[in-house]
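*Asks:* Here is my input, please return the structure:
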Amino acid sequence: LQRLHVLSLEGVLAMIHSLARRFGSNGSNNDDADQDNVEDADDLKGVTSEESKRIMRNRRHKQDLMRAAKHFNAKGYKALKYIEGLGLINDAEDPSEIVRFLKTSPGLDKKAVGEMLGGSKALQQKVMKSYIRSFKFPFPKTPPYVSLEEQNSPKQPR
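*Replies:* Numbering: from 1, shown residues only. Now for the predicted structure:
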């Protein structure tokens with residue numbers, strides 16, 4: 001039982017240490033990029049230069065994905081230029097780029113994705129068609145909606 005207490009205490013101390021590093025000793029939130037870079041450098045002690053660059057690139061990419069998802073969830077269609085600015089899509093007018101973002105980005109709200117795919121603007125319609133085409137259906141030559149209609153309609157005698 002004492003061993004369990006020691007492990008629990010170590011876990012609590014690790015969380016407190018992490019919070020203290022994140023929020024600083026004065027209790028204010030330090031979200032500055034410089035502060036994050038210092039923390040990241042502390043986390044990467046003993047890692048080679050190439051590995052640290054790769055890790056830092058991955059962290060920045062994940063942070064960009066989180067920002068993009070938050071922005072997309074709040075603004076929907078209007079967030080595409082912002083997402084393009086982050087470098088997550090190459091062209092905010094290219095349906096295939098938007099579909100790739102919608103399918104691979106974590107944290108997107110299903111309602112926001114649905115509003116994007118169900119919108120009435122020309123680009124939204126193109127994105128919807130591209131999104132449907134991006135799935136591998138077992139009936140490749142027939143559009144899915146036609147196959148489903150044929151399966152559900154009563155057979156006409158000849």
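
*Asks:* right, and the helix or strand after the helix or strand bottoming out on mean pLDDT in the chain?
*Replies:* Sorted by mean pLDDT, DSSP states H and E, the helices and strands of the chain end with helix 33-43, the least confident at a mean of 48. From helix 33-43 onward toward the C-terminus, using DSSP states H and E, the following helix or strand is helix 49-75.

*Asks:* Averaged pLDDT, that following helix. What do you get?
*Replies:* For helix 49-75, mean pLDDT is 87.

*Asks:* Output the contacting helices and strands for that helix.
*Replies:* Applying 3 or more CB pairs under 8 Å, 6 or more residues apart in numbering; DSSP states H and E, one finds that helix 49-75 contacts helix 33-43, helix 80-86. (Glycine included, C-beta is placed from N, CA and C.)

*Asks:* and the shortest one, which residues are buried?
*Replies:* Spelled out, that is helix 80-86. Of all the residues in helix 80-86, those buried under the rule 16 or more other CB atoms under 10 Å are 80, 83-84.

*Asks:* tell me what the host helix or strand of residue 112 is packed against?
*Replies:* Element membership of residue 112 [criterion: DSSP H and E] is helix 110-117. If you count contacts as 3+ CB pairs under 8 Å, 6+ apart, helix 110-117 packs onto helix 95-104, helix 122-133.

*Asks:* Give me the pLDDT for residue 6.
*Replies:* pLDDT, read off for residue 6, is 72.

*Asks:* same thing with residue 157?
*Replies:* For residue 157, the model assigns a pLDDT of 55.
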